[in-house]
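Undergrad: Sequence unavailable; structure follows:
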């Protein structure tokens, strides 16, 4: 691949210098971080910083303490690799979770990619996954401090034989590439401390990525999970990925795959091991409440693939554009939460409270679709109406339809 020219700082990480990153990545620096972790365990951050300042210079003490403070957040993104890695606060916010990065790298490998240029590698979350999937990586990061952390992380995990990491301008570098080289981009989606949701306002913008594909490059781009179907370029595959997080299962990202890598119009990856594909929903059948309710995973909803689940269950929607399916059949291994329906009634808060007096449940979950209710307030209000706080949990699902609003009492199945 081409040689990479390095260039000066962009000013985003002036608090930390590349030289400080080098110090932290050395054995003595890692021992200092471990000491900071130990000191923070007592819960007194000021005392920890004071203790570290008695041992090393103030800037090094502060940098080590920052690494210790971010260790738990790093573990959520990098898993068991976290203790070996250095992180930066802003870069950590955008870093791909390890299981998501691994799934994407595996898909790229399956689709024939063996070499890739990573435009905007950050601190290396995707770089690590790509390298471990057996893909040769040129990882480009224009910010000198972020690039220093990237290099340190690649070295810490023993991946320097398959990764060339450098501080370089991705646009200039890619302009000189042969068009058969694949490009992966994770565009910056923050500006002035605020998130950017429009992919055309990210850096690099979606139009630049489309231009690369038009030149012949296979391109895959990580995009905000708020990506809508209308924003998908013609001929590109759009995928949404969900994974378990500390706050429950969440759709954590979308991705776009250029025509050279396209296999499906839409894809929903429900980690760790479920995936459905198809074309976007057009018009789905609507009907009444049946024996079971299915709540599709968020990735399925955003990929507009609820119709795939309707086909699998023989089910129908309860209302147009309301993401609950109802069916007579119980089908396992679907990317959806299934509920066994117990009772259906016309909704009013008092009517639901009276009905719950006939049921026992250790907990109560309240869900709503198509209307403005506060599920947390209703849960607090209705918990005390249960006959007893024992037994399996119960769910109350409130759904607005065209002609009425239903409250469905069900048990997670």
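TA: Perfect, thanks for sending it. Remember, it's a predicted structure, so these values are computed and weren't measured experimentally. Residues are numbered from 1 along each chain as shown.

Undergrad: Can you find the helix or strand of this structure with the lowest average pLDDT?
TA: Taking mean pLDDT, DSSP states H and E as the measure, the chain has strand 190-191 as its least confident helix or strand, at a mean of 72.

Undergrad: Partner strands of that strand, with direction?
TA: strand 194-195 (antiparallel) (DSSP bridges).

Undergrad: I'd like the next helix or strand past the partner strand.
TA: Counting by DSSP states H and E, the next helix or strand C-terminal to strand 194-195 is helix 206-215.

Undergrad: can you list contacts of that following helix?
TA: Applying C-beta atoms under 8 Å, 6 or more residues apart in numbering, the contact partners of helix 206-215 are 171, 174, 179, 183, 185, 187, 199-200, 219, 221, 223, 231, 233, 236, 256, 258-260. The C-beta positions use only the backbone N, C-alpha and C, and glycine is treated the same way.

Undergrad: With stretch 46-57 instead?
TA: 32, 35-36, 39-40, 42, 61-62, 64-65, 68.

Undergrad: how about the residue nearest to residue 287 when sequence neighbours are not counted, phi and psi?
TA: With sequence-adjacent residues excluded and distances taken as C-beta to C-beta, 6 or more residues apart in numbering, residue 287 is closest to residue 316, at 4.0 Å. Reported as degrees, to the nearest 10, the phi and psi values for residue 316 are phi -150, psi 160.

Undergrad: separation between residue 316 and residue 380?
TA: Plainly put, residue 316 is 33 Å away from residue 380 if you go by C-beta to C-beta, to the nearest Å.

Undergrad: related to what we said a few turns ago, can you add neighbour count and distance to residue 267 and give the contacts of stretch 46-57 back as TSV?
TA: Output for the contacts of stretch 46-57, formatted as TSV (neighbours: other C-beta atoms under 10 Å; distance: C-beta to C-beta, whole Å):
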residue	neighbour count	distance to residue 267
32	23	44
35	18	46
36	25	42
39	20	46
40	17	41
42	10	47
61	20	47
62	17	44
64	28	42
65	23	42
68	22	39
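
Undergrad: Pull the most distant pair out of the residues you listed.
TA: 42 and 62 (17.9 Å; C-beta to C-beta).

Undergrad: dump the residue contacts of residue 193.
TA: So residue 193 contacts nothing (C-beta under 8 Å, 6+ apart).

Undergrad: right, I mislabeled it, should have said residue 152
TA: Contacts of residue 152 were listed using C-beta under 8 Å, 6+ apart, and they are 21-22, 24-25, 86.

Undergrad: The nearest residue to residue 349 once chain neighbours are set aside: what's it in contact with?
TA: Nearest non-adjacent residue to residue 349, counting by C-beta to C-beta, 6+ apart: residue 378, 6.8 Å away. Each residue near residue 378 by C-beta under 8 Å, 6+ apart is listed here: 349, 352, 366, 396.

Undergrad: again, but for residue 183
TA: Contacts here follow C-beta under 8 Å, 6+ apart; on that basis residue 183 touches 116-119, 174, 177, 209, 212, 217-220.

Undergrad: Can you list which of those are found in helices?
TA: 174, 209, 212 (DSSP state H).

Undergrad: okay, now the last one: neighbour count?
TA: For residue 212, the neighbour count with other C-beta atoms under 10 Å is 25.

Undergrad: again with the first one
TA: Other residues near residue 174 come to 23 when the count uses other C-beta under 10 Å.

Undergrad: So it is in contact with residue 120, correct?
TA: No: the pair residue 174 / residue 120 is not scored as a contact, 11.1 Å apart, by C-beta atoms under 8 Å.

Undergrad: Can you list phi and psi of residue 300 for me?
TA: Dihedral angles for residue 300 - degrees, to the nearest 10 - are phi -70, psi -40.

Undergrad: which residues does it contact?
TA: Contacts of residue 300 (C-beta under 8 Å, 6+ apart): 268, 270, 276, 306, 308-309, 335-336.

Undergrad: Pretty sure residue 151 is one of the things residue 144 touches, is it not?
TA: No: using C-beta under 8 Å, residue 144 makes no contact with residue 151, being 10.5 Å away.

Undergrad: Now list whatever residues contact both of the two.
TA: Joint contacts of residue 144 and residue 151 (C-beta under 8 Å, 6+ apart) do not exist.

Undergrad: Those two: which is more packed in?
TA: Counted by other C-beta under 10 Å, residue 144 and residue 151 do not tie: residue 151 has more neighbours, with 24 against 19.
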